[in-house]
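In: Sharing a model that was predicted from the sequence below.
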Amino acid sequence: MCPVRFSMSNPNPPATSGPPEVHFSVADYLGGRRIDAVVGRQLRNHTRFRIHRLLRAAAVCIDGRVASPTQRVYPGQRIAVRLLEPPDKLLRATPMPLEVIYEDEWLVAINKPAGLIMHPAKYDTADTLVNGLQWYLDQSAPAIGLLRPGIVHRLDKNTSGVLISTRDHLSHRQLSISFQDREVQKTYLAIVEGCPRPESGTIDSPLGGTTAPDSSLVSAEPDAIAPRSARTDFTVLEKLAGCSLVEARPLTGRLHQVRVHLASIGHPLLGEPFYGPGGEIRCDREGRPLVTPPANPPWPSIARHALHARSLSFNHPITGQPLTIEAPLPDDFQQVLTRAAR
């Protein structure tokens, strides 16, 4: 495998030095592809049209020689691209404070706060995590939009914790494969209602859609729609007043898996708006309550579901070295633990 490295001819060139250049090696899996497709993998904010313009302008070289638009490339060859034109399919870059907990030339990991949505959606078009990561990457790149954040996994809007993004196509591809092959160990901390019995075990319940019409929620019930296998290991770490601190280790990666699995054994997360004990759905998709919550619960309140992605462990997608990234607990999570301590 040839490591991908964005090496710029001059990271901070003076205004008269001309356009910056990007240099990278052809990855093994791209051997035999056309040069336009290979450059497109690397410059992910450039459309195919823009890349063809660079090729026609003799701005792309293979091992020091100008590339033809239809030329094929092979592993280990060195590609140089002069950025005569800016990228033309930019994400909007939104300045925001990001708590970076790990970074190298291929990866950026942040401690995602609760309340931050991952991707632009109908009502959140610019103030999302991806927009913030685009802004962050732009600060260290020699050209706006040269790097594009590559999200390889997701956290719910109100789940905090480790979120990792890639800087280049090869690390994105390799790390995506590691997630798909279940080679990434994920550890969550959850504060749940009551105390599970037994205090450790495996929840092995398939997850599918609920039978409620027009619902996007998830169910572990026998009548779940199109169920898929799902397994979560759990251990009670601490018994608290009316609740427990639980470590959850999902062995699969289904939507809402930890939340639904813990609720299915009778111990929903504190602050959980949707999933009640034993398959109970607490609210409809608009957030309207379907059940009446207890008037004076024996556990502390929290303004979101009490779930924190504590760590990710995997082999680095480029170097192959073992890597564990941990995210410290956010203040609201720690405050609940303090209030509930016996």
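Out: Cool, got the structure.

In: What ranges does the stretch 51-200 of the chain have for its helices?
Out: 129-140, 169-180 (DSSP state H, counting those that start in this stretch).

In: In contact with the nearest residue to E326 once chain neighbours are set aside, which residues?
Out: Sequence neighbours aside, S311 is the residue nearest to E326 in space, at 4.4 Å (criterion: C-beta to C-beta, 6 or more residues apart in numbering). Any C-beta I mention is one placed from the backbone N, CA and C, and that applies to glycine too. S311 makes contacts with V162, Q185, K186, T187, T324, I325, E326, A327, as judged by C-beta atoms under 8 Å, 6 or more residues apart in numbering.

In: now swap in N111 and tell me
Out: If you count contacts by C-beta under 8 Å, 6+ apart, then N111 has E99, I101, S160, G161, V162, L163, A327, P328, P330 around it.

In: Out of those residues, which comes closest to G201?
Out: G161 (22.8 Å; C-beta to C-beta).

In: and that closest one, how many neighbours?
Out: Using other C-beta atoms under 10 Å as the criterion, G161 is surrounded by 28 other residues.

In: Need the pLDDT of it.
Out: Here the pLDDT value assigned to G161 is 98.

In: Surely T324 forms part of a helix?
Out: No: counting by DSSP: H, G, I helix; E, B strand; the rest coil, T324 falls outside a helix, being strand.

In: Check it and give its pLDDT.
Out: Reported pLDDT for T324: 98.

In: for the stretch 101-250 of the chain, which spans come out with low pLDDT?
Out: Within the stretch 101-250 of the chain, the stretches with pLDDT under 70 are 122-125, 213-214.

In: in the stretch 101-250 of the chain, which spans are strands?
Out: Along the stretch 101-250 of the chain, the stretches classed as strands by DSSP state E, counting those that start in this stretch are 107-112, 150-151, 160-166, 185-193, 200-204, 207-209, 218-219, 225-228, 231-239, 243-250.

In: how many neighbours does T202 have?
Out: 12.

In: One more: L90?
Out: For L90, using other C-beta under 10 Å, the count is 14.

In: residues in contact with the closest residue to it other than its chain neighbours?
Out: Leaving aside its sequence neighbours, L90 sits nearest to G145 (C-beta to C-beta, 6+ apart; 4.5 Å). Residues counted as contacts of G145 (C-beta under 8 Å, 6+ apart) are N45, P86, P87, L90, L91, A93, Q134, D138.
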